[in-house]
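**Q** test case, fold it:
(one chain, ligands or ions: 1)
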Amino acid sequence: MSDEKSKKEIYGELLCLHYKNAIEIANSLVVGLDSQGYIILFNSFAEKTTGYKREEVFGKSWFDLFIPEDEINEIKQVFKEVKNTEQPSTTENKIISRDGNELLIVWSNSQIKDESGEITGILSYGIDVTQQRMLESQLSRSERMSALGQLVSGVAHELNNPLTAVIGYTQLLVGVDCDSETRRMLNIIYREAERCHKIVDGLLQFAREYDQVKEPTQINDVIEATLNLKRYQLHVDNIQLELHLSGDIPETMADPHQLQQVFVNLINNAHQAMTDHSGRGKLTIQTELIDDKIVVKFIDTGPGIVKDNLSRIFDPFFTTKESGKGTGLGLSICHSIIEEHNGNIYAESEIGKGSTFTLVLPVVTSDEIPDNVINDANIEQMQDSVFGGKILVVDDEQKILELFNDILTMMNYEVVTARNAIQAMDNLDNNEYDLMICDMKMPGFSGEKLYNIVKSTKPDLAERIIFVTGDIINPDTQKFLRETGNPYIAKPFSVDEIKDIVFKSFSTEKI
Ligand code: ADP
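**A** Numbering: from 1, shown residues only. This is a model prediction of the structure:
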């Protein structure tokens, strides 16, 4: 009998040791709390995750040491419920590590009972899911962005054709002899249509996936160039400008136009916030090289951003501006551009203390520099060129064909139009043309296919095709244009753009 008891005891001790070891080597936090929430068990993994040694935490209140202040009451309530639940339970809460970071932990909890069956505390196994949740939320943001991007890009392309006709015809009419009242009204139509154009442009940029044109870029120069556009208006609106541009910033491979767009957005937002808030303010722009990263800050003395909004300002269509003043796309475009540069953008703000937007960009020293699709020739010189010649215009939109016809006829070109590629091929069989203008996206038979046919039958003319596209953001379109090297014009276009590109095409062998 006594032999049997000692066996049991030995077995019990071994088991106890085994459990102790298992807890100690577990790959999750194991924490035991007594019935008041004081810490009685804290394994190595808990030490590693939180940065505290067990000697520092034993006997201390779990709530006081680890729980964010504003959540203590709620978590104490959860603790009570867990303690009184027979079945193991799962809970999730934030804890603060020794270095002040917030960690999100998922706990599996069970009661601790003494020999008489009385509940003396709880034992919890915790898994740190902070990184995982962050990734999930980034993933769901990019999924949402991609679905929204497709929708937005579809709508924007549909709007482009009618808008092109409105802008083009209004410009033509303004040039015609008319009384001042008619001119005034036409100018209003033109201005408003241009406003819609800007919105469509914003939508397309928001939805874009096109390759960036990266080149060695000096960020300080891009900031200076952006300020050349904004300096006067900031001065007029009582916004003081303070610049701290470090001389240590190296060049990095980046798309300077896109970065300029980001800077314009951030400056405009700060400008508007300060003007609306107090009619004056100070904008500080600084660049620094920190740990081989270029850090750019835009610090304003505006009203600041409330905490709830701070987490939403980079979401598409989030705006607090009154209707007509904001689209809510600015910061989401900035976010995607900086992300495509493998950088980071974030905002810090406190009500009444202004806002700081920080960009962190990597220094990239070598990269492939893609060719620009159109090289910049001196248009003014070319405008002295001789007019005249025969142009075939192919587009499935009747209004666009009419607009091209009107513009080019006014320029003394002979114009033939075709509603689709088949009609265009009939025309090409029977006539010689000096230039072709061809829509890329036509039902059934695309501009790309037509180009390939022209290339095999009339290679000289193939080099003189100007493509028209409402889909310049599309990577396939970009690739095609880069490969052919042919010029293109993006819808909606202005009359001057058409004139310039046709001048260029008649004045050069190949653009
Ligand atoms: P929009 O300017 O069209 O509203 P954005 O995406 O650029 O769109 O900005 C979203 C929102 O972020 C703004 O409506 C505004 O509430 C807030 N915001 C952005 N920049 C600032 C700033 N510097 N100060 C205060 N609020 C800002």
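**Q** C-alpha from now on. contacts and neighbour counts both.
**A** Fine.
**Q** how close does Asp439 sit to Gly470?
**A** Asp439 sits 9 Å away from Gly470, going by CA to CA, to the nearest Å.
**Q** those two: which is more packed in?
**A** Asp439 (29 against 24; other CA atoms under 10 Å).
**Q** which residue is the nearest non-sequential neighbour of the more buried one?
**A** Distances taken as CA to CA, 6 or more residues apart in numbering place Val468 nearest to Asp439, at 4.5 Å, with adjacent residues excluded.
**Q** quick one: secondary structure of that neighbour?
**A** strand (DSSP: H, G, I helix; E, B strand; the rest coil).
**Q** how close does it get to Lys390?
**A** 18 Å.
**Q** check the residue nearest to Asp439 and give its pLDDT.
**A** We have a pLDDT of 92 for Val468.
**Q** now do the strands in the stretch 51-200 of the chain.
**A** 89-96, 102-113, 119-128 (DSSP state E, counting those that start in this stretch).
**Q** go through the shortest one and flag the buried ones.
**A** Meaning strand 89-96. When burial is assessed from 16 or more other CA atoms under 10 Å, strand 89-96 yields the following buried residues: 92, 94-96.
**Q** what's the closest of those residues to the ligand?
**A** Lys94 (27.3 Å; CA to the nearest ligand atom).
**Q** what residues does this protein put near the ligand?
**A** 269-270, 273, 302, 304-305, 313-314, 318-321, 326-332, 355 (CA under 6 Å from any ligand atom).
**Q** just the buried members of these?
**A** Among those, the ones that count as buried by 16+ other CA under 10 Å are 269-270, 273, 302, 304-305, 313-314, 318-319, 327-332, 355.
**Q** contact partners for Thr120?
**A** Residues counted as contacts of Thr120 (CA atoms under 8 Å, 6 or more residues apart in numbering) are 34-35, 111-114.
**Q** quickly find the element holding Leu392.
**A** strand 390-394 (DSSP states H and E).
**Q** and whichever helix or strand comes after that strand, what does it pack against?
**A** Downstream of strand 390-394, the next assigned helix or strand under DSSP H and E is helix 398-410. Applying 3 or more CA pairs under 8 Å, 6 or more residues apart in numbering; DSSP states H and E, one finds that helix 398-410 makes contact with helix 130-175, strand 390-394, strand 414-418.
**Q** can you redo those as a markdown table with mean pLDDT and mean neighbour count?
**A** Below are the helices and strands packed on helix 398-410 laid out as a markdown table (pLDDT from 0 to 100; neighbours: other CA atoms under 10 Å):
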| stretch | mean pLDDT | mean neighbour count |
| --- | --- | --- |
| helix 130-175 | 77 | 16 |
| strand 390-394 | 94 | 23 |
| strand 414-418 | 93 | 19 |
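**Q** for Glu74, find the nearest of the ones you listed.
**A** With CA to CA as the measure, helix 130-175 is the member of the helices and strands packed on helix 398-410 nearest Glu74 (20.1 Å).
**Q** the helices in the stretch 301-450 of the chain, which residues?
**A** Here the stretch 301-450 of the chain has its helices, by DSSP state H, counting those that start in this stretch, at 307-310, 330-340, 379-382, 398-410, 421-430, 447-457.
**Q** what's the most buried one of those?
**A** helix 330-340 (a mean of 22; mean count of other CA atoms under 10 Å).
**Q** just want the angle from it to helix 130-175.
**A** 120 degrees (axes from the mean of the first three to the mean of the last three CA atoms, to 10 degrees).
**Q** give me the residues contacting helix 330-340.
**A** Looking at helix 330-340 with CA under 8 Å, 6+ apart, the contacting residues turn out to be 205-206, 258-259, 261-262, 265-266, 313-316, 344-345, 359, 361.
**Q** let me know how buried the residue nearest to Asp439 is, in neighbour terms.
**A** Applying other CA under 10 Å, I find that Val468 has 23 neighbouring residues.
**Q** thinking again about what came up before, among the buried ones among the residues of the chain next to the ligand, which ones are in strands?
**A** Among these, the members falling in strands (DSSP state E) are Ser355.
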